[in-house]
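In: Let me see the structure of the following:
(chains A, B, C and D)
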Amino acid sequence: MNIHEYQARNLLEKHNIKFPKGKVGSTPKEIYNIAKSFGGKVMVKAQIHSGGRGKAGGVKICNSPSEAKEFSKKIINTRLITNQTGPEGYLVEKMFVTEITNIKKELYLSLLIDPDSECPVFIASLHGGMDIEKTVESNQANIVKMNCDPLVGIKPYKLKQFVDKLNLPKEGNSQIVSLLNNIYKAFINNDCSLIEINPLVIDDNENLVPLDCKITIDDDALFRNEEILKLRDINQENIMETRAKDYDLAYVKLTGGNVGCMVNGAGLAMATMDITTKSGCYPANFLDVGGSTDKEKIKEAFRILISDQDVKYILINLFAGIAKADLISEGIVEANNELNNELPIIVSMRGTNSESGFEILKNSNLNLYVANNLGTVSKLLLELEKQNDNFIR
Amino acid sequence: MNIHEYQARNLLEKHNIKFPKGKVGSTPKEIYNIAKSFGGKVMVKAQIHSGGRGKAGGVKICNSPSEAKEFSKKIINTRLITNQTGPEGYLVEKMFVTEITNIKKELYLSLLIDPDSECPVFIASLHGGMDIEKTVESNQANIVKMNCDPLVGIKPYKLKQFVDKLNLPKEGNSQIVSLLNNIYKAFINNDCSLIEINPLVIDDNENLVPLDCKITIDDDALFRNEEILKLRDINQENIMETRAKDYDLAYVKLTGGNVGCMVNGAGLAMATMDITTKSGCYPANFLDVGGSTDKEKIKEAFRILISDQDVKYILINLFAGIAKADLISEGIVEANNELNNELPIIVSMRGTNSESGFEILKNSNLNLYVANNLGTVSKLLLELEKQNDNFIR
Amino acid sequence: MTILLDKNTKVLVQGVGRDGSFQTIKSIEYGTNVVSCVHPNRKDQFFQEKIPFFGSVKEAVEKTGANAGVIYVPAPFAMDAIIEQIDADLDVCVCITEGIPIHDMMMIKNYIKNKKTKLIGPNCPGIISPKLNLKIGIIPGNICNPGNIGVVSRSGTLTYEAIAQISEIGMGQSTCVGIGGDPIHGLSYVDVLKMFEEDPETKAIVLIGEIGGTKEQSAAEYISNNVAKPVIFTIAGSTAPPGKRMGHAGAVINGKMGLASEKILALKKVGAYHAEDLSKIGETIKQIL
Amino acid sequence: MTILLDKNTKVLVQGVGRDGSFQTIKSIEYGTNVVSCVHPNRKDQFFQEKIPFFGSVKEAVEKTGANAGVIYVPAPFAMDAIIEQIDADLDVCVCITEGIPIHDMMMIKNYIKNKKTKLIGPNCPGIISPKLNLKIGIIPGNICNPGNIGVVSRSGTLTYEAIAQISEIGMGQSTCVGIGGDPIHGLSYVDVLKMFEEDPETKAIVLIGEIGGTKEQSAAEYISNNVAKPVIFTIAGSTAPPGKRMGHAGAVINGKMGLASEKILALKKVGAYHAEDLSKIGETIKQIL
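Out: Predicted coordinates:
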């Protein structure tokens, strides 16, 4: 789960990390007042769950409260489109105002879980700010890393070596030690999968100042982080993906396709996408009904799937292990009847109770094409695609 | 380091552990007011760094504010002597007033570090209250233990087994899980060597209520626990032991002897006591100057040693490893001259620079007896003891 | 011989809710020696009127000689169950549970270092050995054939698909191991490849990978130095958009190394045979064996 | 042969403050091969103009082949130093530092499980092997004689006393190990007894114990089943009052098992020879050998 910058700041402030003065506002008037109380010249930033806000015009240094007001008037309640949001962009409901910091040098700092070393890893770059992704790919020499030990935490001797490599001024050198320790505590206490400070700057007085931050929380750990869950902003999420999540389903919307895919298992989802694409058709989405399924869940899955206007036909590709194919089939039939679905459905189904599952489907009134193996799926896809007048690519 | 009951309560309350209403007071008038605000009937407890307060008359249930006032008048500013304080007792400067809890059952609960399993261990007894030490020795069947893992903390599956054995009523069963988790957090966060809740009671409503608590903090970890250090009450400590501690010396006052022992190393201190006692003499104290010593420290050590009125002669027994015998000798000579010491001194000294150390001592004007080995020490002790008119045993 | 399991494997089950019960019954029907269940509040009861419940894993091990465990408990309690099985020195612990917090898995992977127990999963379908009629987990037994192809996969359903295709071409499986779709999991591709290479009953290995992480690259490196047996592989997610979590927590493309194309390249380079899409696994095996 | 050290032992030093410097010089004079010092702020400098400083233990190991380490750093930093030496896979880590928080030692003892490094101490005088003219730590070399009596002790100064008495009766030491006076420490009596029993150069063992804990009882149990060589022992603190911390953090009598009398009983029962007080160690050895 992502949270907004101002929420991330609050969370880090609770862990004794100090930021420049800042306050969030929802209306141009509020922005005006905040800017005024900060002395006039401020930075105003759109609060959306995406990076690349600067380049997209969502961040601006304003020289007066009036300028801040005008800028926020232009942005608030619009959808900001960045290189990470997709074409719909995200709705800006709040903007964050901070005082100006005079920047001598910009660094990048993050803490994330590295699946390879299976522990939290700090990553710093001597050059922070925008386009950090490119720096990481192109200039490994400027990247400094430190592994932490999940059982004993940050080891001071490693911390010393890490800090030494950053070549900070004297002041910053002692400040970064407590910064790193506090970030680590925040990371562990809140089940974070990412804490990113970018840029982390050296200011005029050689002090270390975090200017912007981003925090991602492990979705699987939200059950034990009630305070964090309160920060959730569903307006920053795809409505359908959110609805699927509420039913414990995984829905991913894809652009440019017309096949609605219902699968079980993430691997099969991806393989189904691959097969579909290879046969010359394109998935409009996929919906993973997962391992443990009941009829209600299947029905909801079907509802979500066909509510996608891009979907012209449906591919159900299941291999039942922990899930039971007969139950899934019953759910599909009931959902189709309830929703009066007439879109054609290709079904490939194997595993636990798959025979009785097929029986149920065959005995229904669905517009059904049965595939005995994945090779047949490709062929059926192509056939349907040829019949399909609405072919859009 | 020990802290008072009311301080220990504060610390545990910060870790979300709930106690009955309670407040500390320093004067009978304050005690009266607190009792009144609690509705009249209260428990009033002397605050000293010792157990056994109940049996010693330092704890009383008072039926009215006036009774509480009268009781506190009798106790405050007196020295309370328990079976753990020694004959001097400890000064009562504060008393703690709590509301009354109706007790259905008393348990004992503590968390300490077990050197054998090298981890924190919870110990609970189905019978708490006074005389818990005897229960532990005599009735192992009622004792329940749980090891924690320093690296991953309390393991829930072990916790479940531990709690099951306590046979608590339903309410208490869920309350004790959070109690144990909170105690563990307090223990780890504050470098505790002991947290003891005794008694932990089941009240009329089957709720679990901690009535009294004791916390000991690892002296070696005080450097990183500044807030705890502020709770130190030096009036509850032996003045000389405290003074020694300030110079990083270990001083232990013993009763009934007349030999002042200066040693280096705890093992040698104990062995020196054993030899002294076996030869028919008795140590009045011992002062361990430790490994790393400088002249100032030695001088202070000598000052502490001879300020003990029981001391009739001095035994210096050193084996210099990390310490250097010549430096120690210089310190001894300077201290003797400054303090005009005329008490006889037996010296046994070996190890690093011991020859030059002996030279320094021999060239001084000290009242000196040199022992070449520990056997000689015994003989010299006996000789001096015979000469000693003031022999007190 | 098979890997990880043998005829002395005695299984205990933690978590017999709706799915756990169903799968346990299926496992018993298949032939698995399920000797005990563990539930702190159900001791002295019996599962299916014959398999005893115990209050703790330790007790179940002492009383029934269980040496392998399977976990179906919900994600919030899974870490504790895994640690309890590790502490009881089981040989194998298979965790089916999906959605365990990654911080928990991080702790477990560091805790298990140098411990006796081999962890499979979590978020995995488990292990099956058709020749022994023995399975721990949820791989459907009816799609398997005894044989000599080893299967290792991060994905549950793709494991089934590979198994089915192997059976359909008239061949069979020695052992199939689903190592799990989470970014941090127990046994790795490398661990399982090593076992297959050493297992005389395994003649060829099917490896099913997916986008995200660099574990397929590590497998390739290991194969190049240590595996003589033929390896057939497929990588799911060639057409997945970058940055999106594709169902599996581990299946996110962050950076170049996570791309399917990079993984395919690495494995081809060390001589592994590429099944270009999932439907071609059987075909590819047929061609090379 | 000696235990723990041999002629290939190369020592690195962490903590060359006043005492650390003095002891390092003494060690070099005695004959110890001190190859490097570690201090993050002194790299490219030299100790005594010849021994190079490095910024990390890892670097010191890579550049100088150090395989043993000694720690004199102040207590607040000692845990980190110990972990750094463990992480660098040194064979032996000797920590002289006194006053390390017990929570730190608890972490370290759990961290070091199954790691390569053997930890000696903390709050100990270290190890000495007179025959090799090799010592790590602060045991004065001039009181030692090469010989075949092994010494193991929780107390520093009592170790010296035992060594001196052995030398005074014309005998000598194979290896002497001070395991440290803290309640939680690295190698135990049992670990060292095992090494002495296996060491062909050790003919007899002197064990010096003290009040507090049950470690002497564990030693007795081990001796009864595993040690054939004669063990001479003494226990300090027979006359210590209960409940008082007698200088050593570990020397507190809490309960019956911590009493000197209990420990003496346990060791006598398994056939160990009791030197009734510290001054009688030499005498007792003479009588039985």
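
In: State the helix or strand in which the one residue in chain A that gets nearest to chain C lies.
Out: Residue nearest to chain C within chain A: residue A:267 (2.2 Å; CB to the nearest CB). (Each C-beta comes from the backbone N, C-alpha and C, glycine too.) Assigned by DSSP states H and E, residue A:267 belongs to helix A:266-278.

In: Validate this expectation: residue C:99 resides in a helix.
Out: No - with DSSP: H, G, I helix; E, B strand; the rest coil as the criterion, residue C:99 is assigned coil and is not in a helix.

In: can you give me the strands in chain C?
Out: Using DSSP state E, the strands of chain C run over C:11-14, C:34-38, C:46-47, C:51-54, C:68-71, C:92-95, C:118-120, C:126-129, C:134-137, C:146-153, C:173-178, C:204-210, C:231-236, C:273-274.

In: List the contacts of residue A:284.
Out: A:253, A:254, A:257, A:258, A:259, A:260, A:261, A:308, A:310, A:311, A:312 (CB atoms under 8 Å, 6 or more residues apart in numbering or on different chains).

In: Touching, the second one and residue A:285? I think so.
Out: Yep, that's residue A:254 we're talking about. Yes - in this structure residue A:254 lies within contact range of residue A:285 using CB atoms under 8 Å: 5.6 Å.

In: neighbour-wise, which of these two wins?
Out: The neighbour comparison of residue A:254 against residue A:285 (other CB atoms under 10 Å in any protein chain shown) goes to residue A:285, with 24 against 20.

In: three-state assignment of the more buried one?
Out: strand.

In: other SSEs contacting the helix holding residue A:267?
Out: strand A:250-253, strand A:259-263, strand A:283-288, strand A:313-320, helix A:374-387, helix C:156-168, strand C:204-210, strand C:231-236 (3 or more CB pairs under 8 Å, 6 or more residues apart in numbering or on different chains; DSSP states H and E).

In: would a markdown table of the ones you listed with mean pLDDT be doable?
Out: Output for those, formatted as a markdown table (pLDDT from 0 to 100):
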| stretch | mean pLDDT |
| --- | --- |
| strand A:250-253 | 86 |
| strand A:259-263 | 92 |
| strand A:283-288 | 89 |
| strand A:313-320 | 88 |
| helix A:374-387 | 82 |
| helix C:156-168 | 92 |
| strand C:204-210 | 96 |
| strand C:231-236 | 96 |
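
In: Mind checking the ones you listed for the one nearest to residue A:66?
Out: The closest of the helices and strands packed on helix A:266-278 to residue A:66 is strand A:250-253. By CB to CB, the value is 40.5 Å.

In: hmm, who's touching the closest one?
Out: By CB under 8 Å, 6+ apart, strand A:250-253 touches A:238, A:240-241, A:243-245, A:266, A:269, A:284-288, A:290, A:304, A:308, C:244, C:246-247.

In: Out of those, which end up buried?
Out: Among the contacts of strand A:250-253, those classed as buried by 16 or more other CB atoms under 10 Å in any protein chain shown are A:240-241, A:243-245, A:266, A:269, A:284-288, A:290, A:304, A:308, C:246-247.

In: re earlier: switch the helices and strands packed on helix A:266-278 over to CSV; also include distance to residue B:81.
Out: Output for those, formatted as CSV (distance: least, CB to CB, whole Å):
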stretch, distance to residue B:81
strand A:250-253, 71
strand A:259-263, 79
strand A:283-288, 73
strand A:313-320, 77
helix A:374-387, 87
helix C:156-168, 71
strand C:204-210, 74
strand C:231-236, 78
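
In: From residue C:237, how far out is the residue nearest to the spatial centre of chain C?
Out: When CA atoms, centre = their mean is applied to chain C, the residue found nearest the centroid is residue C:178 (2.4 Å). Separation of residue C:178 from residue C:237 (CB to CB, to the nearest Å): 17 Å.

In: and the contacts of residue A:284 as JSON lines, adding distance to residue B:68?
Out: Shown next, in JSON lines, are these (distance: CB to CB, whole Å):
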{"residue": "A:253", "distance to residue B:68": "71"}
{"residue": "A:254", "distance to residue B:68": "75"}
{"residue": "A:257", "distance to residue B:68": "80"}
{"residue": "A:258", "distance to residue B:68": "83"}
{"residue": "A:259", "distance to residue B:68": "81"}
{"residue": "A:260", "distance to residue B:68": "77"}
{"residue": "A:261", "distance to residue B:68": "76"}
{"residue": "A:308", "distance to residue B:68": "74"}
{"residue": "A:310", "distance to residue B:68": "79"}
{"residue": "A:311", "distance to residue B:68": "78"}
{"residue": "A:312", "distance to residue B:68": "84"}
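
In: For the closest residue to residue C:117 other than its chain neighbours, which residues are in contact?
Out: Of all residues not flanking residue C:117 in the chain, residue C:86 sits nearest, at 4.6 Å (CB to CB, 6 or more residues apart in numbering or on different chains). By CB under 8 Å, 6+ apart, residue C:86 lies in contact with C:93, C:108, C:111, C:112, C:115, C:116, C:117, C:119.

In: For whichever residue of the stretch 1-150 of chain C sits closest to chain A, the count of nearby residues, please.
Out: Residue nearest to chain A within the stretch 1-150 of chain C: residue C:101 (3.7 Å; CB to the nearest CB). With neighbours defined by other CB under 10 Å, the count for residue C:101 comes to 24.
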